[in-house]
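S.K.: Would you be able to build a 3D model of this:
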Amino acid sequence: MKATSANFSGMPTGKAYIGWWGDMGGPKQKGVVQYSLSHMQQKAFAGALKGYIFNGYSRIIRQVPYFLPAFGLGYFIYTWGNKTNAFNNSKAGHLAHGGSHDE
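M.R.: Okay, here's the model as predicted:
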């Protein structure tokens with residue numbers, strides 16, 4: 001009995017194979033036109049600043065209710081922590097907590 005050899009061509013064969021991409025055996029596609037522009041001629045940032053001035057401002061204003069409370073809470077915690085730290089490291093803070101301030 002002869003062992004079968006593996007086919008390593010990469011292209012599938014047999015009755016299940018209906019064609020490679022773009023060549024499936026169906027009718028030819030008509031009426032499709034594709035245009036392209038050289039990457040040297042494209043203007044990547046054409047109108048970017050103008051689009052941000054008019055659209056960016058309104059987008060930021062619509063997001064204010066979502067980020068302003070978090071920003072305000074963070075700022076309050078930051079200022080409270082700095083004020084508490086300054087008091088705790090002062091002479092009055094040491095005396096208020098029952099410690100001594102020997103210098």
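S.K.: what bits of this protein have low per-residue confidence?
M.R.: Across the chain, the ranges flagged by pLDDT under 70 are 1-29, 100-103.
S.K.: got the CA coordinates for stretch 58-65 in CSV?
M.R.: What follows is stretch 58-65 as a C-alpha-only set of coordinates in CSV (Å, rounded to 0.1, in the frame of the first residue of the first chain):
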residue,chain,number,x,y,z
SER,A,58,-19.5,72.7,21.2
ARG,A,59,-18.3,69.2,21.9
ILE,A,60,-16.4,70.4,25.0
ILE,A,61,-19.4,72.4,26.3
ARG,A,62,-21.6,69.2,26.0
GLN,A,63,-19.1,67.2,28.1
VAL,A,64,-18.8,69.8,30.9
PRO,A,65,-21.5,68.1,33.1
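S.K.: Residues contacting that stretch, please?
M.R.: Around stretch 58-65, nothing counts as a contact under Cβ atoms under 8 Å, 6 or more residues apart in numbering. Heads up, the C-betas are built off the backbone N, CA and C, glycines and all.
S.K.: element containing L68?
M.R.: Element membership of L68 [criterion: DSSP states H and E] is helix 57-88.
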